[in-house]
Structures are given as structure tokens and as C-alpha cells.
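Student: Coordinates only, no sequence provided:
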């Protein structure tokens, strides 16, 4: 039971319910033992409390994913998420977040399985633009340009930048151009490209200062300064970088270095603070970050150091209508692949949804501070008929920010086992 303001919520563990979101089909009980929540609003109607409870199902969303692409659709007022990889494979799902629920809009009808592609919203042509990535199924790098208009994917081009993944990309709203830099295709790249909605153009300067070749960098457009800002990234030879650059459509200009080097982070423009802000990423080895760090003109300064579970390769965008940062999914230093959704309202982080283990009993639990939380392994999934085939080999970790699935390629599926710390981040 939970009480928030004028609302009471009662959780129903193991209840049959396939209701999703708010005002769903309460008669749909086809998802066995999925759980549900009953919501009772206490606000008075005609001077009296409402006479009935309202069933609201658990809010489904993307399963644990790392390296999804995400952009905010300014015209349809939704965050769009595509792709990414999980412990179960690579996603081809297209999801949309409206501030309340995730909705699965398409599966397998657009780009094929791929990871480390990038997506931005083209506000001139009113469509999301997705480029590149790599296909784990074949190991191939991709050079396709796709667009999503809110209902369907369209393949726009197969020419332009060479096939690659892990590049930086943003949309220059002043000039109506998608800007792309760097990436990796077996070699670390350092070229600059622009997409005008129909064709790609190589805009790499012939001379003058410019960022070195790199992958894992992040980029965001600053409409106040009218430049695309690039920060971080690196290569196998150099490791993470801390330099910052600005692209005005003609030339690159180097700005002040960031407070630390990092790769696999994200950047966005915060409309409230009128600043480009970096989130998360990896600074070195297994040091993952969770802070928001702002670029003020040519300088840097951290304005918030506590974010959700430190992570890299998250999906991120800024909801300009509600003035909220949205962070979804990502991966952690422990190997967990996250499926949570968070919003930052300018002063606090708000957990919205997240993955969780399916209903079970007979699982093993232990608190493992070196891994970041409580760990659960195994258990029996079928509450009605606990047959051997219903046993689980899943390992989950619960941190203050929610549940995350851990890689588990060890013990076979089982129940009523025991877990114990074995030192140095190990479990027995």
C-alpha cells in the first residue's frame, strides 16, 4: 500500500492482469500472475469520494537495453526510443514515452537489428532521423539513413558517411541540418557530415583546427550560441578524452576542456538553463558516472552530482514541452543492463518505470554492497504448478534506482538455493 497526496495505491502481487497504463482494459486478465495496481483517487466528486477502485496495470516498457537511440519528437510531444541490445538479443522495437506510459509502436518494420546507431529529431521535416549502427547478427557496420514519422519507418538513403557505429550526432535547428562526427568501423573516424533531409554532404574542413578521430563522443546543438557542441569520446590508443569543440557549419573551434575525460555519455540542451549538459558515461575502466555537468559558454560546471544509477550507453532526450530530461535504459559497471525510466524536473530525479523480476518463489537472496545492492537468483516462476521446467536461472540486482538484470551463465535453473558473499565482488 502507498499513499501519495490524494491517491491510495494497493499492489496485487501475482494477480492475473494484462491491463497496461492508465484506464486500460480492466477485463483483460490474459497475463497470468503479472501483478496489478489498484488506484483509489480521494479527490471529492460532488462532495463525495468516488465509489469505485480503478485497476491500473503495471506499466510495461522497453526491457533492459544498452545503447538504444532516443530523440524527442517536438510536434507529437513524445520521446521515441529505438534499438539497443539486451541479455536476450538485439531489439527492433520502436517505443514512445508520453510522460505517463511507454507504448510499443512498431517491431521489425524499420531498421534491422543494430546497436550503437544514433537518432535525432528533424524539426524542419518533422521526423526522427536514424543513421548507422552495427548488426550483431552479422558483425556488419551499417550506412543506412532511416526516418520515423510517428507511424512508419522509411529508408531514405544508403549513401553518405561510410558504414559505422558509435559516432556523435545532433540536429542544427538554425540551419536545418543533421550534423555527424566520427565513429568506428574497424578504424576510428574523424570526418564531419551533414544531412539536409535528402542527401549527405561531407563537411570535413580541408585545414584548420578540428577534433581528432574518435568514437564514443557525444554532441548537442546549442541554439543560443548557434553551434553544435562535441565533447569527449576517444579511441583504443588515446583512451577517453576531455576536450570540447563547437561546429558552426563551416569550421570547428576548440572550447575549454571538460572536468574529466569520458566516453559513451549523452548530451542535450536544457531549455530552462539555456545550457548544453552532459550525463553519465565512463571516465576510465569501470568508473561510471551519474552526474549532470553543464557547459556555460566556454566553461564547465557541475550543477547536480546525484543522478540515477551510474550508467553508460543510455537513451536520453529533453522534453521541451514539460521541461524534463528523460533517461531510459543503459548499462552499468557490474554488467547489469537497465530497463528503467527516469525524469529530471530541474531539481530532483523521479523514477517512472523499470523492469523487475517476474513473480516467483524459492529464489535465493543476498545483500552484496560491492555489486551495488541486493542480488536474487533462481526461483520457481509458475505459481500454480511449480514444475521443474518453470525454474529460473536469472540473476537480478536491486539498487536504490530499481531492478537490473545481471549476466548469468553459471548455475542451471533451480530453486531454494543459497547465496553468500565470497569477497571482492564475488558470490558463492
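Tutor: Right, received. Where do you want to start? Keep in mind that this is a model prediction, so the values were computed, not measured. Numbers count the residues shown, from 1 in each chain.

Student: Residue 180: neighbour count?
Tutor: Using other C-beta atoms under 10 Å, residue 180 has 28 other residues around it. No exception for glycine: its C-beta is placed from N, CA and C like everyone else's.

Student: My understanding was that it contacts residue 162; is that so?
Tutor: No. Taking contacts as C-beta atoms under 8 Å, residue 180 lies outside contact range of residue 162: 11.0 Å.

Student: Show me what the residue nearest to the spatial centre of the chain bridges to in the sheet.
Tutor: A centroid search over the chain (C-alpha atoms, centre = their mean) returns residue 315, at 2.4 Å, as the residue closest to the centre. When bridges are called by DSSP bridges, residue 315 pairs up with residue 328.

Student: residues in contact with it?
Tutor: Residues counted as contacts of residue 315 (C-beta atoms under 8 Å, 6 or more residues apart in numbering) are 65, 68-70, 81, 84, 327-330.

Student: mind checking how far it is from residue 134?
Tutor: Taking C-beta to C-beta, to the nearest Å as the measure, residue 315 falls 17 Å from residue 134.

Student: and if you look at residue 161?
Tutor: To residue 134, residue 161 is 14 Å away according to C-beta to C-beta.

Student: swap in residue 86?
Tutor: 16 Å.

Student: Who has more neighbours out of the two?
Tutor: Looking at residue 86 and residue 134 with other C-beta under 10 Å, you find the greater number of neighbours at residue 134, namely 24 against 20.

Student: can you give me phi and psi for residue 337?
Tutor: Per-residue torsions, residue 337: phi -100, psi 120 (degrees, to the nearest 10).

Student: Next up, the contacts around it.
Tutor: 64-66, 85-87, 329-331, 404-405.

Student: Of the residues you listed, which is the nearest to residue 279?
Tutor: residue 330 (9.9 Å; C-beta to C-beta).

Student: pLDDT below threshold where in the stretch 101-250 of the chain?
Tutor: Within the stretch 101-250 of the chain, the stretches with pLDDT under 70 are 236.

Student: Sitting in strands, which of the contacts of residue 337 do you find?
Tutor: 85-86, 329-331, 404-405 (DSSP state E).

Student: Farthest pair within these?
Tutor: Spatial extent of those (C-beta to C-beta) is set by the pair 85 and 404 at 14.5 Å.

Student: The two: who's more crowded?
Tutor: Counting neighbours by other C-beta under 10 Å for residue 85 and for residue 404 shows that residue 404 has the greater number, 27 against 21.

Student: Quick check: that one touching residue 311?
Tutor: No. The criterion here is C-beta under 8 Å, and residue 404 misses it with residue 311 at 9.4 Å.

Student: Find residues that contact each of these two.
Tutor: Counting by C-beta under 8 Å, 6+ apart, the contacts common to residue 404 and residue 311 are 332, 338.

Student: re the thing from before, can you pick the most crowded of the contacts of residue 337?
Tutor: residue 330 (32 neighbours).

Student: Now do the contacts for residue 350.
Tutor: Taking C-beta under 8 Å, 6+ apart, one finds 342-344 in contact with residue 350.

Student: In its sheet, which strands sit next to the helix or strand that contains it, and in what direction?
Tutor: Assigned by DSSP states H and E, residue 350 falls within strand 349-353. Strand pairing for strand 349-353, using DSSP bridges, gives strand 337-344 (antiparallel).

Student: Without its sequence neighbours, what residue ends up closest to residue 205?
Tutor: Leaving aside its chain neighbours, residue 205 sits nearest to residue 251 (5.9 Å; criterion: C-beta to C-beta, 6 or more residues apart in numbering).

Student: residues near that neighbour, how many?
Tutor: Using other C-beta under 10 Å, residue 251 is surrounded by 14 other residues.

Student: same question, residue 394
Tutor: 18.

Student: How about residue 63?
Tutor: Every residue meeting other C-beta under 10 Å relative to residue 63 is counted, giving 17.

Student: Looks like it contacts residue 341 (just checking).
Tutor: No. With contact defined as C-beta under 8 Å, residue 63 does not count as touching residue 341 (12.0 Å).

Student: And residue 332, what's its pLDDT?
Tutor: At residue 332, the pLDDT value in this model is 86.

Student: residue contacts, it?
Tutor: So residue 332 contacts 288, 309-312, 338, 372, 404 (C-beta under 8 Å, 6+ apart).

Student: going on from the strand holding residue 350, what's the next piece of helix or strand?
Tutor: strand 364-368.

Student: What residues sit buried inside stretch 301-317?
Tutor: 304, 307-317 (16 or more other C-beta atoms under 10 Å).

Student: ok, now how distant is residue 287 from residue 315?
Tutor: Per C-beta to C-beta, residue 287 is found 21 Å from residue 315.

Student: Could you do residue 68 as well?
Tutor: 4 Å.

Student: Give the intersection of the neighbour lists for the two.
Tutor: Common neighbours of residue 68 and residue 315 (C-beta under 8 Å, 6+ apart) are 81, 84, 328-329.
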